[in-house]
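Trainee: give me coordinates for this.
(one chain, ligands or ions: 1)
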Amino acid sequence: MHYWRTRLRGLGIYAFTQAPTLGVDTQPTGVGAYVSSAPPHQCIRLASQFCGTLVHDDEGIILLVFKTYSYFERTKDSMEIRKVGVIGCGLMGSGIAQTCAQAGYETIVREVAQDFLDKGMARIQGAWDMMLQKGKINEEQARDYKNHLRGTLDTKDLADCDLVIEAVIENMEEKLRLFPALDNALKPEALILSNTSSLNITQMGAVTKRADKVCGLHFFNPAPVMKLVEIVRTISTSDETVETVRAFAKSLGKTPVVAKDTAGFIVNFLLIPYLLAAIRMYENGLASKEDIDTAMKLGCGYPMGPLTLLDYVGLDTTLWAAEALYEEFKEPLYAPSPLLRRMVNSGMLGRKSGRGFYEY
Ligand code: CAA
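Mentor: Below you'll find the model as predicted:
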């Protein structure tokens, strides 16, 4: 029998049980304790589903769900995460900060300028308003989420974070400036994770004094919705760091996979050549953009066609990823096409700039 430990944020109650099955008592109840031997993703699903109700198995009550809760799966090899920092409140940074705040972590997001911060925070608030409107959360939950999140322009405010995720621009020089600054600002035991989609994380770790506490945690856009995260292990990352990040990823409701620190990791190694092939197909006039998208949606069951996905991800992001892959492997299939380069140079970045393969 596996025992999972749950810590209830704010109230700090720990408990264990070995109840193997779960049922639901529809009788509403107030605030209570949360205990289960169910695996973490099941706990989270149950907790969000039955928030404020009593859940039990045949032998009696095993579960009372707190209105705000946070799940931690801890093994002896992982450290506890309470406070999370996010660097960058752009498309990915804001999605990551939203995800962490929703999971109950005290979350602080740092930007370099007030207008970037305001824009990112407004995006997050917009997502919560949308969830409220759709009835996916109630007003109290929306307030709870908001209370868990705060913005700053000062890296020093992240000093007591247990884990920091950087999601700044995909530019190695920028990251190599940021990592030593974080290394100096954070407490020694804090982990520093990069959301880079293709840059070398080993190099980022090497400019800190804690390379063993550095690894990748790559989210997918939209971060609050997409279930996967890639944990990217460098040659210096310790086992404890990987285990802590694995447990952290699960506590966010994500499914982690572990990849080596090679350009593109798992997903982009496969996805980028596909997206580049779609651009070449369109560029060479082999089919219309609409037909290329329809073909892959309906022929392969993908949620979006490749050109719509390119606009969604950002053409600049795709170009940087392709360049990093080409730099590492020198394979023609990773070479960015002239059209992609020209579109990026002319500011057609996709949804975020209002124009890419389509207009928004
Ligand atoms: N916060 C919370 N919920 C959100 C959200 C947010 N920011 N954004 C969307 N959602 C929710 C919506 O509320 C909706 O929920 P319900 O179904 O319960 O109503 C759900 O997500 C789906 O959203 P929509 O109804 O707006 O739209 P959709 O059904 O067309 O799905 C999509 C949109 C999830 C983006 C889907 O089209 C999809 O999966 N597309 C593919 C995305 C993809 O491949 N991403 C990976 C890109 S690669 C990458 O990111 C890595 C890289 O390095 C380049």
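Trainee: check contacts around the closest residue to the ligand within the chain.
Mentor: Ranked by Cβ to the nearest ligand atom, the top residue of the chain for proximity to the ligand is residue 197, at 3.0 Å. Glycine gets a C-beta too; all of them are placed from N, C-alpha and C. Under the criterion of Cβ atoms under 8 Å, 6 or more residues apart in numbering, the contact partners of residue 197 comprise 170, 218, 264, 265, 268, 317, 320, 321.
Trainee: helices - which of those land there?
Mentor: Counted as lying in helices by DSSP state H, out of those, are 268, 317, 320, 321.
Trainee: run a quick neighbour tally on the last one.
Mentor: Same thing as residue 321. Counted with other Cβ atoms under 10 Å, the neighbours of residue 321 add up to 28.
Trainee: and the pLDDT for the closest residue to it other than its chain neighbours?
Mentor: When the adjacent residues along the chain are set aside, residue 321 lies closest to residue 198, with 4.4 Å between them (Cβ to Cβ, 6 or more residues apart in numbering). Residue 198 carries a pLDDT value of 86.
Trainee: which residues touch residue 198?
Mentor: Taking Cβ under 8 Å, 6+ apart, we find residue 198 in contact with 170, 263, 264, 265, 268, 320, 321, 324, 325.
Trainee: ok, back up a step: between the ones in helices among the contacts of residue 197, which sits nearest residue 311?
Mentor: residue 317 (11.0 Å; Cβ to Cβ).
Trainee: what's the neighbour count on that closest one?
Mentor: By other Cβ under 10 Å, neighbour count at residue 317 equals 22.
Trainee: which residue is the nearest non-sequential neighbour of it?
Mentor: Once flanking residues are discounted, residue 317 sits nearest to residue 170: 6.5 Å by Cβ to Cβ, 6+ apart.
Trainee: isn't that neighbour right up against residue 320?
Mentor: Yes - Residue 170 is in contact with residue 320 according to Cβ atoms under 8 Å; the separation is 4.2 Å.
Trainee: which residues are in contact with residue 218?
Mentor: Contacts here follow Cβ under 8 Å, 6+ apart; on that basis residue 218 touches 195, 196, 197, 229, 230, 232, 265, 267.
Trainee: list the contacts of the first one.
Mentor: Right, the one you point to is residue 195. Applying Cβ under 8 Å, 6+ apart, one finds that residue 195 lies in contact with 92, 93, 96, 165, 166, 167, 216, 217, 218, 219.
Trainee: dump those residues into CSV; add distance to residue 123 as well.
Mentor: As requested, those are exported to CSV (distance: Cβ to Cβ, whole Å):
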residue, distance to residue 123
92, 11
93, 10
96, 12
165, 17
166, 18
167, 13
216, 23
217, 20
218, 20
219, 15
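Trainee: what's the most distant pair in those?
Mentor: Longest span within the contacts of residue 195, Cβ to Cβ: 93 and 216, 15.0 Å.
Trainee: looking at these two, which is more packed in?
Mentor: Under the neighbour definition other Cβ under 10 Å, residue 93 and residue 216 were set side by side, and residue 216 has more, 29 against 26.
Trainee: the helices in this structure, which residues?
Mentor: 40-49, 91-102, 114-133, 139-147, 172-185, 201-206, 239-251, 267-283, 289-300, 306-313, 315-329, 338-345.
Trainee: list the helices and strands the last one packs on?
Mentor: Looking back up the chat, that one is helix 338-345. Using 3 or more Cβ pairs under 8 Å, 6 or more residues apart in numbering; DSSP states H and E as the contact definition, the elements that helix 338-345 packs against are helix 267-283, helix 315-329.
Trainee: adding distance to the ligand, write those out as JSON lines.
Mentor: Written out in JSON lines, the entries for the helices and strands packed on helix 338-345 read as follows (distance: least, Cβ to the nearest ligand atom, whole Å):
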{"stretch": "helix 267-283", "distance to the ligand": "5"}
{"stretch": "helix 315-329", "distance to the ligand": "5"}
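Trainee: packed most tightly, which of the ones you listed would that be?
Mentor: Scoring the helices and strands packed on helix 338-345 by mean neighbour count under mean count of other Cβ atoms under 10 Å gives helix 315-329 as the most buried, with a mean of 21.
Trainee: hey, C-alpha coordinates of it in PDB?
Mentor: Output for helix 315-329, consisting of C-alpha atoms alone and laid out as PDB, is shown next (Å, rounded to 0.1, in the frame of the first residue of the first chain):
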ATOM      1  CA  LEU A 315       6.300  32.600 -35.100                       C
ATOM      2  CA  ASP A 316       9.300  34.200 -33.300                       C
ATOM      3  CA  THR A 317       9.200  31.400 -30.700                       C
ATOM      4  CA  THR A 318       9.100  28.800 -33.400                       C
ATOM      5  CA  LEU A 319      12.000  30.500 -35.300                       C
ATOM      6  CA  TRP A 320      14.200  30.500 -32.100                       C
ATOM      7  CA  ALA A 321      13.400  26.900 -31.500                       C
ATOM      8  CA  ALA A 322      14.200  25.900 -35.100                       C
ATOM      9  CA  GLU A 323      17.500  27.800 -35.000                       C
ATOM     10  CA  ALA A 324      18.500  26.100 -31.800                       C
ATOM     11  CA  LEU A 325      17.700  22.700 -33.200                       C
ATOM     12  CA  TYR A 326      19.500  23.500 -36.500                       C
ATOM     13  CA  GLU A 327      22.500  24.800 -34.600                       C
ATOM     14  CA  GLU A 328      22.700  21.500 -32.500                       C
ATOM     15  CA  PHE A 329      21.900  18.900 -35.200                       C
END
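Trainee: cool, thanks, signing off.
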